[in-house]
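1. Fold the following and give me the result.
(one chain, ligands or ions: 3)
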Amino acid sequence: MSQRRSAVTDATGDNARKVFIKTYGCQMNVYDSQRMGDALAGDGYVPTQRIEDADLVLLNTCHIREKAAEKIYSELGRIREMKAERATQGRTLTVGVTGCVAQAEGAEIIERAPVVDLVVGPQTYHRLPQALARVHSGERVVETEYAVEDKFDHLPKQAARQIRARGVTAFLTVQEGCDKFCTFCVVPYTRGAEVSRPRAAILEEARALAEAGVREVTLLGQNVNAWADGAGGLGSLLRELAEIPGLARLRYTTSHPRDMDDDLIAAHRDLRALMPYLHLPVQSGSDRILKAMNRRHTGADYLRLLDRIRAARPDIALSGDFIVGFPGESDADFEATLDLVRQVRYATAYSFKYSARPGTPGATMDGHLPEDVKTERLERLQTLLREHQVAFQESFVGREEDVLVEKAGRHPGQMIGRSPFLLPVVVPASAGAIGEIVRVRIESSLPNSLMAEGADHADRLVSAEPLRKIA
Ligand code: SAH
Ligand code: SF4
Ligand code: F3S
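-> Numbering: from 1, shown residues only. Ligands and ions are numbered 1, 2, ... in the order given. Predicted coordinates for the structure are as follows:
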């Protein structure tokens, strides 16, 4: 490796070391992968999309369900073969595991998968270059110490060129960690306690994003609406972000019902830039199960909260997360979940079978349910959620929507963007429209997107009517 290192003369040339980062799990891992790429860019690495070309492979992992964690080991099996083959050609490959599996399992990963050279937790990735230097001098490194504040102080900066390459929408972590300790969840153990990133740093990053052409920023946090500093909560931060020139759209995710305060709800009424979409997981509609999950609110509390939010922003689209088959969940408990879903009518939702996670209180509770019961409940829940999702999408046909154009569509003349409600919309436009917000009429609803007037067969149109640019 030291030979290859000394061969690096130009970070953009063929001799540059290449890093392949594979991301699993939530949006925060997407953000973290980008920051890891930025940290490594300072060390001479360029990103590659092809694992075969990589000198360094990083798996940025998720521990939320058993399947997610197990995926990593099968991927490491494939990488082991690749590394062995390279060894026969005298080439090296450095392999790192980062993210939540790294945090949860630490040195065990190296024991189980000796192909791994480096294990770095989500709070330590800003020290990746130093950790890699140790690997290159022959050490196997495990860095899983908590230091979120330290990371926030040293988050690798994004170069304008990199921001542009990533497109007109961006994630921005404002909060990390969780103190809620839902009894099913590993996140408080992998991401540590709730910590808010300082306001000035957030505003600085948001301005840098806007200056590089980003139009929409999604604020991220495991409990993003728990963000606060001495001057206020997330509502106050959103009000400041809404003033940044160029930033047309703001979103935030994921929120906990207990942290939706009056000021944040009022921000949905007051801020044009704050999009009418809210991901607010409830997990279950049964008070008994909510209590066993330690969610610390009832189904009725949640519905009352939605009433207040809808009073502030009547058209808001709601999204949620559900777990079926939590230990002890009876048929009646499950029916209560279906009831709640019927009352809320989510625009979209994510639902999962309960997965027992080692070290969480849920894992040792009584009443674990057989897999077939969980499967059957999940299917029933998803059928209902899908019905509402389709109805929500179809309600836009014939209406006008403002679409932020993001990227090329499948066919020439088609671009894809998002509506304020986060629905993908196919619009008739060219690449020049990327970053613009255009007003279109919705002609039809497809399984996963809406089609704007003129977008179907846009390539065959002789002269498409110019799109109405809104911003
Ligand atoms: N911080 C967020 C989300 C955390 S994980 C929140 O509080 O809502 C995302 C979703 O994964 C959770 O909302 C939950 O629905 C699901 N999840 C978490 N742990 C799980 C487990 N052990 N089994 C199945 N689903 C789980
Ligand atoms: Fe997990 Fe609950 Fe914290 Fe969300 S609020 S991260 S579900 S413990
Ligand atoms: Fe997974 Fe960690 Fe996110 S466990 S969901 S990657 S916080």
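2. wait, isn't Y346 in contact with V390?
-> No. Using Cβ atoms under 8 Å, Y346 is not in contact with V390, being 11.8 Å away. To be clear about C-beta, it is placed using only N, CA and C from the backbone, and glycine gets the same treatment.
3. which one of these two has more residues nearby?
-> Y346 (21 against 12; other Cβ atoms under 10 Å).
4. How much space separates the more buried one from L306?
-> 10 Å (Cβ to Cβ, to the nearest Å).
5. Mind listing the shared neighbours of those two?
-> In terms of Cβ atoms under 8 Å, 6 or more residues apart in numbering, Y346 and L306 are both contacted by the residues L318.
6. low-scoring stretches of this structure, by residue?
-> 1-14, 457-467 (pLDDT under 70).
7. helix or strand right after the host helix or strand of V217?
-> Per DSSP states H and E, V217 falls inside strand 216-220. Next helix or strand after strand 216-220 toward the C-terminus (DSSP H and E): strand 228-229.
8. which strands and helices sit next to the very next helix or strand once past that following strand?
-> Remark: after strand 228-229, the chain's next helix or strand is strand 232-233, criterion DSSP H and E. Strand 232-233 makes packing contacts with helix 262-270 when contacts are defined by 3 or more Cβ pairs under 8 Å, 6 or more residues apart in numbering; DSSP states H and E.
9. what do you get if the cut-off is 10 Å, keeping everything else the same?
-> If contacts are counted by 3 or more Cβ pairs under 10 Å, 6 or more residues apart in numbering; DSSP states H and E, strand 232-233 sits against helix 234-241, helix 262-270.
10. what inclination does the last one have with respect to helix 234-241?
-> What it means is helix 262-270. When axes from the mean of the first three to the mean of the last three Cα atoms, to 10 degrees is applied, the directions of helix 262-270 and helix 234-241 differ by 40 degrees.
11. Give me the contacts around helix 262-270.
-> Applying Cβ atoms under 10 Å, 6 or more residues apart in numbering, the set of residues contacting helix 262-270 from outside is 224-225, 227, 232-239, 242, 250, 252, 255, 260-261, 273-278, 305, 308-314, 316.
12. Tell me the residue of the stretch 301-450 of the chain that sits nearest ligand 3?
-> R357 (9.3 Å; Cβ to the nearest ligand atom).
13. so who does the residue lying closest to that residue once chain neighbours are set aside touch?
-> Nearest-residue entry for R357: V186, 4.8 Å, with adjacent residues in sequence omitted and distances by Cβ to Cβ, 6 or more residues apart in numbering. V186 makes contact with 62-65, 68-69, 100-101, 103-104, 178, 355, 357-360, 363, according to Cβ under 10 Å, 6+ apart.
14. repeat for V116
-> Counting by Cβ under 10 Å, 6+ apart, the residues that V116 touches are 57, 59, 72, 76, 79-80, 94-97, 102, 107, 109-110, 140-142.
15. Run through the helices of the stretch 101-250 of the chain in chain order.
-> Along the stretch 101-250 of the chain, the segments classed as helices by DSSP state H, counting those that start in this stretch run 107-112, 128-136, 148-153, 160-166, 187-190, 199-211, 234-241.
16. Out of these, which gets nearest to A332?
-> Across the helices of the stretch 101-250 of the chain, A332 has its closest neighbour in helix 187-190 (28.7 Å, Cβ to Cβ).
17. Counting by contacts, list what that closest one packs against.
-> Counting by 3+ Cβ pairs under 10 Å, 6+ apart, helix 187-190 packs on helix 99-105.
18. Is the helix it packs on positioned near ligand 3?
-> Yes. Using Cβ under 6 Å from any ligand atom, we find that helix 99-105 touches ligand 3 at 99-100.
19. Name the nearest residue to D287, sequence neighbours excluded.
-> Using Cβ to Cβ, 6+ apart, the closest residue to D287 is T298 (4.7 Å).
20. cool, A242 as well?
-> Here the residue nearest A242, using Cβ to Cβ, 6+ apart, is A273, at 4.3 Å.
21. hang on, that neighbour packs against V217?
-> Yes. The pair A273 and V217 qualifies as a contact (Cβ atoms under 10 Å) at a distance of 9.4 Å.
22. Could you tell me which residues touch both of those two?
-> 241, 244, 247-251.
23. which of those lies closest to ligand 1?
-> Closest to ligand 1, out of all of these and judged by Cβ to the nearest ligand atom, is R251, at 15.0 Å.
24. And for that closest one, the neighbour number?
-> Around R251 there are 23 residues (other Cβ under 10 Å).
25. Could you check how far it is from S355?
-> From R251 to S355 the distance is 28 Å (Cβ to Cβ).
26. do the same with E70
-> E70 is 10 Å from S355, by Cβ to Cβ.
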